[in-house]
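Student: Sequence first, then the predicted structure:
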Amino acid sequence: MEIPIAALNQYDYCPHRCWRMFCLGEFVDNVYTLEGTFLHTRADSGVFTTVDGVAQYRNVDLYSAQHELVGKADLIEHRAGAWLPVEYKRGGRGKWGNDRIQVCAQGLCLEEMLQTVVSHGAIFYAASAGRVEFALDEPLRAETLAVIARVRTLFTRGQEPPAHLMPRCQGCSLQAACLPTLGERVARYREQWE
């Protein structure tokens, strides 16, 4: 069973959101998703460029037979013999680890496809026009493999994860469908009635 790399990002952000998007096929745009789509216009172009001796490949198809992953990278850079996956995000520097997991999964795919070691990845945050580079170290790789296993279980079972109200729900485009407070209210009512 092939797992979309984007599903790893969504799962680590919120398992319920991942289930709605990838098991039910639900998706709703909001201002944040539309901004993200606009931001990806250049990344999705597939245009190859060279800047200061760095080769830049956009909209690159990725796969890993070993991890059963498929997806795309916004940007892959090749400089001084090293490959670097770069993901574009619309906001400021991420508060959550889900973006790093997505980039690490891209690195795992590149390693398999190119038979090389990918030691670093990067995220470009449009709101701050800043780029953060980080090591694809063993703890991040272990966390990424754990998320891959959890997403595989979710896809195999198709069972709805509970919706929990979290600070990140505020910007979620699926909040109206998810109703994260409803599950908690129902649980409180059940406790009172039992």
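Tutor: It's in. No experiment lies behind these values; they were computed from the predicted model shown. Numbering: from 1, shown residues only.
Student: Can you identify the helix in this structure that spans the most residues?
Tutor: The single longest helix within the chain, with elements called by DSSP state H, is helix 138-157.
Student: for it, what is the average pLDDT?
Tutor: Helix 138-157 carries an average pLDDT of 97.
Student: Give the other helices and strands that that helix contacts.
Tutor: The helices and strands touching helix 138-157, judged by 3 or more C-beta pairs under 8 Å, 6 or more residues apart in numbering; DSSP states H and E, are strand 3-4, helix 5-13, helix 15-18, helix 98-114. All C-beta spots, glycine's among them, are computed from the backbone N, C-alpha and C.
Student: Out of those, which gets nearest to Ala127?
Tutor: With C-beta to C-beta as the criterion, Ala127 lies closest to helix 98-114 of these, at 13.2 Å.
Student: hang on, the earlier thing: got the buried residues for the longest helix of the chain?
Tutor: For helix 138-157, burial by neighbour count (16 or more other C-beta atoms under 10 Å) applies to 140-141, 144, 147-148, 150-151, 154-155.
Student: Could you name the specific helix or strand carrying Leu84?
Tutor: If you go by DSSP states H and E, Leu84 is part of strand 82-89.
Student: nope, Ala55 is what I meant
Tutor: Using DSSP H and E, Ala55 sits in strand 54-64.
Student: Parallel or antiparallel, list what pairs with that strand.
Tutor: Strand 54-64 sits in its sheet next to strand 49-51 (antiparallel), strand 69-79 (antiparallel), going by DSSP bridges.
Student: Quickly, which of these bottoms out on average pLDDT?
Tutor: For the strands paired with strand 54-64, where the average pLDDT is lowest is strand 49-51, sitting at a mean of 89.
Student: Could you tell me how far it lies from the centre of the chain?
Tutor: Relative to the centre of its chain, strand 49-51 is centred 26 Å away, using C-alpha atoms, centre = their mean, to the nearest Å.
Student: do stretch 158-165 as well
Tutor: Stretch 158-165 sits 18 Å away from the centroid of its parent chain (C-alpha atoms, centre = their mean).
Student: Report the buried residues of it.
Tutor: 161, 163.
Student: dump the residue contacts of the closest residue to Ala105 other than its chain neighbours.
Tutor: Excluding the flanking residues, the one nearest Ala105 by C-beta to C-beta, 6 or more residues apart in numbering is Ile5, at 4.8 Å. Ile5 sits next to 62, 69-72, 102, 105-106, 109 when contact means C-beta atoms under 8 Å, 6 or more residues apart in numbering.
Student: just those now: which is nearest Tyr11?
Tutor: Gln102 (10.2 Å).
Student: wouldn't that closest one be in contact with Leu8 here?
Tutor: Yes - look at Gln102 against Leu8 with C-beta atoms under 8 Å: they come within range, at 5.9 Å.
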